[in-house]
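Colleague: predicted coordinates and the sequence they were generated for:
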Amino acid sequence: MKAALQACLLWLFVEGLEECPPKLSFNPLIDVDNKPLVPTLLGYKKWITSKKEYLDWLHSNSAAIGLM
């Protein structure tokens with residue numbers, strides 16, 4: 001099992017070395033604590049990047065669990 005997960009670059013999730021990025025709001029105008037954010041282009045780009053990192057982590061973590 002370890003070899004299969006290493007081949008898919010998922011073993012770090014099993015060992016807990018690949019940490020989950022901070023959870024974020026799925027609304028770019030509201031943060032996780034339901035506080036309104038000031039919309040700016042830079043803030044929106046940062047939100048998009050953070051959302052992608054979080055969803056990529058969830059996908060890889062789910063893939064590791066599914067393979068086990």
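Modeller: Looks like it arrived, so ask away.
Colleague: what about the helices in the protein?
Modeller: Under the criterion DSSP state H, helices of the chain are mapped to 2-7, 11-15, 41-67.
Colleague: closest to F26 out of those helices?
Modeller: Closest approach to F26 among the helices of the chain is made by helix 41-67 (7.4 Å; C-beta to C-beta). (Glycine included, C-beta is placed from N, CA and C.)
Colleague: by contact count, what packs against that closest one?
Modeller: helix 2-7, helix 11-15 (3 or more C-beta pairs under 8 Å, 6 or more residues apart in numbering; DSSP states H and E).
Colleague: so where's this structure shaky on pLDDT?
Modeller: Scanning the chain with the threshold set as pLDDT under 70 gives 32, 38.
Colleague: which residue is nearest the centroid of the chain?
Modeller: Y54 (1.6 Å; C-alpha atoms, centre = their mean).
Colleague: between the helices of the chain, which one is nearest to P21?
Modeller: Using C-beta to C-beta, the helices of the chain put helix 41-67 closest to P21, at 4.6 Å.
Colleague: can you get me a residue count around W47?
Modeller: 19 (other C-beta atoms under 10 Å).
Colleague: check the one 4 residues further on too.
Modeller: Per other C-beta under 10 Å, the neighbour tally for K51 reads 15.
Colleague: and for A64?
Modeller: Neighbour tally, A64, other C-beta under 10 Å: 19.
Colleague: same check on F26?
Modeller: F26 sits with 11 neighbouring residues when counted by other C-beta under 10 Å.
Colleague: quick check: the residue lying closest to it once chain neighbours are set aside vs V14, distance?
Modeller: Excluding its sequence neighbours, the residue lying closest to F26 (C-beta to C-beta, 6 or more residues apart in numbering) is K51, at 7.4 Å. As judged by C-beta to C-beta, to the nearest Å, K51 and V14 stand 25 Å apart.
Colleague: quick revisit: tabulate the helices and strands packed on helix 41-67 (CSV), appending distance to S25 and mean neighbour count.
Modeller: Listed next are the helices and strands packed on helix 41-67 as CSV, based on distance: least, C-beta to C-beta, whole Å; neighbours: other C-beta atoms under 10 Å:
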stretch, distance to S25, mean neighbour count
helix 2-7, 31, 11
helix 11-15, 24, 15
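Colleague: all set, thanks.
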